[in-house]
Structures are given as C-alpha cells and as structure tokens.
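Participant: Fold the following for me, if possible:
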Amino acid sequence: MSQRVAFIGVGNMGAGMAANQVKAGRAVTAFDLSSAALDKAVAAGCKPAGSVAEAVADAEVVITMLPAGKHVRQVYEHDILPNAPKGALLIDCSTIDVDSARAVGEMATGFRFGDAPVSGGIMAADAGTLAFMVGCDEADYPAFEAALTPMARVVFHAGALGSGQAAKICNNMLLGVSMLGVCESLALAEKLGLDPTRFFDIASKSSGQCWSLTSYCPWPGPVEAAPSNRGYNGGFLTALMLKDLKLAQEAAAKAGAATPMGAQAEALYQLFDGLGYGQKDFSAMLQLMRGKLDELA
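Facilitator: Below you'll find the model as predicted:
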C-alpha cells in the first residue's frame, strides 16, 4: 500500500516537491489556500483536500511548505496537531526562525517532528534535486531521510530540532554575500574593458571560483541553466533572499554574533526589492551594480 502523504502548501516550491512525492509512488493529498496552486497539484497527481484538517486526517507523513513562522505555528497548532494521527511524521520544509521551529516541536507531543528547510530554488524543487537540512532527534532521522529522498539531491542531518533552520539561514547568508561579490566583480571587469565572459573563464578556474559564479553566473551566457539567461525569471526570488537575510540578522542579534557582511547584503537586497525587483532572481542584482536596471524591464 502506498505511503499516505499530506502536503500543505503547494505554491512555487511545494508544487514540484509534491509532484515528486507522487512520482515516487506515494498517495499525496494536497491543500493550499490558492485554488490555482491546488489545481496544479491535482494535475500532477495529488488528491485535493478542502482543508488542512481533511488533508492530514489519515496521513503517515505530513509535509508543510509555508511562508513564515507565524503561519507554521498557526497551522500546526490549530489544524495539524489536533487532526493528524498520533505517531505521524511531521516535516516542516518552510524557511522560518529557529525559535518558531522549536516552539512547534515542543507542541508536537506524540509526534515525530523535524524542521527540514531546503536549498535549491524552484528549478531544483521541480527536478527533485533539493538539498534538505534536517533538525530532529537522531533516532528519528532515518525516517525523515526516507520521506524526503524523492525530492532531494542530498539530505543532511544538521542536528537537534531547530538546527535545520540554523543551517539554512547561515547557508543563504553566505550565498547572498557571495553573489554580491560576483556581481560587483563582473561589473568592474566590464568597466575596466575586460570581456565579462573572459573574466568568467579566468575566475572560474582561479581563486575567485565559487558556486555563485560557476553554477549560477549572473552574467548571461556562461552558465546555460542560470536565470540570467531567462531574463532573471524563476530561480530564487530576490524577495525570498531578503526574507532569509532578515532571518539571519534576527538570529545574529539574538545570539550576539557580528555579521557585518550579512547586514550590508540585507540592505542591498532591501534596496533592490524596494525598487520593484523582488520577483526577479537575486542574481539580477548584477544589473543594479552595472547601472542597467532598464535591462530588467
């Protein structure tokens, strides 16, 4: 008998993730406040539910992909925990604050709960090649890994509850900062009369090599799959990078950690978002550095 999975939140990221659960032969019941998102999930083979309570009623695994910590707390407290079968595996894949992840875990008495935020963006969600960072009890980790594998390129056990969120916000702060460095360098290369694609060839095989350059190059051309070759559409939205950087700065303030580069990155992505480019991929920051925002129209 197919494993019964409830998937709550089948928007841009959740749609592909739920579809990959279906492809793995699991019986997926989906719910989303957006009827269009739910229709897309149904087209991918999911069974629709009229409410969260209905979706989780007989689920063995519940996966949530929600916008923010307040939504996660509310949905678990009012809809999932009172209605899901005791012993169900509860996996929150949202990117939220560490405190909210731990608070939900404390509420989830009688359940196996873990935070498992993702890295990889919409393309990876569709392809089933996301990276998951799981915070859970060590004894429960094999069950989480098995549940997540159809959606994953790799699954990491980050540590105890909340560790998945900690790993995610630290990783994305690093990503946001490194992308700004790549964008600045490409913009400077152009100003100095150096062909940016030639600079890419050099830097990608020199000490400046990094993922933001060689796997996600913001300059159109060198990396075929990068959003820079699709008008900076799709990929990882600037608004989502800004959300993660804000979470990192909040966590840093609580922990008393100095993150000056993270703070500057947050300010720059906030500026870019405020100019109206929140729905463009975060690598579009290159055009701000170049003074070529008209190319994003």
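
Participant: any low-confidence regions in the stretch 1-150 of the chain?
Facilitator: Residue ranges of the stretch 1-150 of the chain with pLDDT under 70: 1.

Participant: That one: helices as residue ranges?
Facilitator: 12-23, 35-43, 52-56, 69-75, 98-107, 121-127, 141-148 (DSSP state H, counting those that start in this stretch).

Participant: Identify the residues contacting stretch 47-60?
Facilitator: Outside of stretch 47-60, the residues within contact range by Cβ atoms under 8 Å, 6 or more residues apart in numbering are 3-8, 27-31, 38, 41-42, 62, 75, 79-80, 82-85, 88-89. All C-beta atoms are positioned from the backbone trio N, CA, C, and that covers glycine.

Participant: coming back round to it: output the helices of the stretch 1-150 of the chain in JSON lines, with distance to Gln270 and mean neighbour count appended to each entry.
Facilitator: Formatted as JSON lines, the helices of the stretch 1-150 of the chain follow (distance: least, Cβ to Cβ, whole Å; neighbours: other Cβ atoms under 10 Å):
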{"stretch": "helix 12-23", "distance to Gln270": "21", "mean neighbour count": "23"}
{"stretch": "helix 35-43", "distance to Gln270": "27", "mean neighbour count": "16"}
{"stretch": "helix 52-56", "distance to Gln270": "32", "mean neighbour count": "22"}
{"stretch": "helix 69-75", "distance to Gln270": "19", "mean neighbour count": "18"}
{"stretch": "helix 98-107", "distance to Gln270": "22", "mean neighbour count": "20"}
{"stretch": "helix 121-127", "distance to Gln270": "20", "mean neighbour count": "19"}
{"stretch": "helix 141-148", "distance to Gln270": "32", "mean neighbour count": "19"}
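
Participant: From what I see, Ala6 and Met65 are in contact.
Facilitator: No - with contact defined as Cβ atoms under 8 Å, Ala6 does not reach Met65; the gap is 11.7 Å.

Participant: who has more neighbours, these two?
Facilitator: Neighbour totals were compared for Ala6 and Met65, and Ala6 leads with 30 against 25 (other Cβ atoms under 10 Å).

Participant: And the more buried one, how close does it get to Val104?
Facilitator: 16 Å (Cβ to Cβ, to the nearest Å).

Participant: give me the element the residue located most distally from the centre of the chain is part of.
Facilitator: No residue in the chain sits farther from the centre than Gly193, which is 36.7 Å out by Cα atoms, centre = their mean. Assigned by DSSP states H and E, Gly193 belongs to no helix or strand.

Participant: Nice, that's everything, thank you.
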